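Engineer: Provided below are the primary sequence and the corresponding predicted coordinates.
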Amino acid sequence: MNAPTPQLRLIPIDQIEILNPRERNPRVFEQIVGNIQQIGLKKPVTVTPRTAENGQTRYLLVCGEGRLKALQQLGETSLPALVVEVGDEDAFIMSLTENIARRHHSGLESLAGIEALRQQGDSAEAIAEKTGLNCTYVQDLLYLLAHGEERLLDAVEKGRLPLNAALTIARAGSDATAVKTALQDAYESGALRGPQLKEARRIIERREQFGRALIKSSPQAKRSPEVTAHSLVRTYQKEVARQKQIVRKSEMAQQRLLFVAGALRQLFSDEHFITLLRAEGLDSLPKYLAERVHQGGGLA
């Protein structure tokens, strides 16, 4: 299958038919709707054109069903779409591939289109118009891209760090004191609270230790250790030790269970104790424990 060359167009939603419909989580769908409502469409859908019986052009949706339905729910009548010329079989394969690939999608990959448009000379306004994103959001992303802040961008795309907090950290540069001051300012302004503050500190520490990029490509980058007979033996010994520890924990848990079962067995031999339990409505045991105390789940 030859790689299709997509063209970005604004297409009426009522001209698009879903090629590969699927059920989706309502909670996840509401998140998609809220995200698009807040910052706009981050990524165009993909469609392929077809000629209807009346001669008019229709489009099959290759990928982006959630985005399309979210825009419909928000009352939109058209949306930006990448139009590719492919056959029915190829379109279906592309749809399946996209659904699988999105489960392992990298946040940085979603910014590749914005970066490509920037390199072509498009302004933030032009990129926002083509992608359906909020212009301010695009400007902020372009700032982080221009300064090589891959680590911060990845955290923003995964929802671990607010965009405004990432910008504050990026603008502080590499000055550790300035970064800490920026973090304090973000906390005092309410931009970072609770878990997000802890996550921001972790990201800053890794940014200081490993740099702004997520992957080091320089010759000094740390390489995977060479596999040798000695390293294999050491790995085997570590695994054996780990398995032995699991066995010890299992034996300890079993001994404790036997002790509890024995104690309960003695208590259940006392008729007054059983009467008291029944009066309190505590006349059953979990099945797993009951089988070890006596036959059945009741107090007998």
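Structural biologist: Right, received. Where do you want to start?
Engineer: Provide a list of residue ranges in the stretch 151-300 of the chain with pLDDT below threshold.
Structural biologist: Applying pLDDT under 70 to the stretch 151-300 of the chain flags residues 191, 215-229, 231, 288-289, 293-300.
Engineer: Show me the helices in it, by range?
Structural biologist: For the stretch 151-300 of the chain, helices defined by DSSP state H, counting those that start in this stretch occupy the ranges 163-171, 176-189, 194-210, 229-268, 271-279, 287-293.
Engineer: got a markdown table for those, with mean neighbour count too?
Structural biologist: Using the backbone N, CA and C atoms, a C-beta is placed for each residue, glycine as well. Below are those laid out as a markdown table (neighbours: other CB atoms under 10 Å):
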| stretch | mean neighbour count |
| --- | --- |
| helix 163-171 | 20 |
| helix 176-189 | 14 |
| helix 194-210 | 14 |
| helix 229-268 | 11 |
| helix 271-279 | 12 |
| helix 287-293 | 14 |
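Engineer: Format those helices as CSV; extra columns: distance to residue 57.
Structural biologist: Formatted as CSV, those follow (distance: least, CB to CB, whole Å):
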stretch, distance to residue 57
helix 163-171, 38
helix 176-189, 50
helix 194-210, 46
helix 229-268, 60
helix 271-279, 75
helix 287-293, 63
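Engineer: and of those, who's closest to residue 150?
Structural biologist: Proximity to residue 150 (CB to CB) singles out helix 194-210 among the helices of the stretch 151-300 of the chain, at 9.7 Å.
Engineer: That closest one to helix 163-171, inter-axis angle?
Structural biologist: Orientation of helix 194-210 against helix 163-171 (axes from the mean of the first three to the mean of the last three CA atoms, to 10 degrees) gives an angle of 30 degrees.
Engineer: how distant is helix 194-210 from the center of its chain?
Structural biologist: Put simply, helix 194-210 sits 18 Å off its chain's centre (CA atoms, centre = their mean, to the nearest Å).
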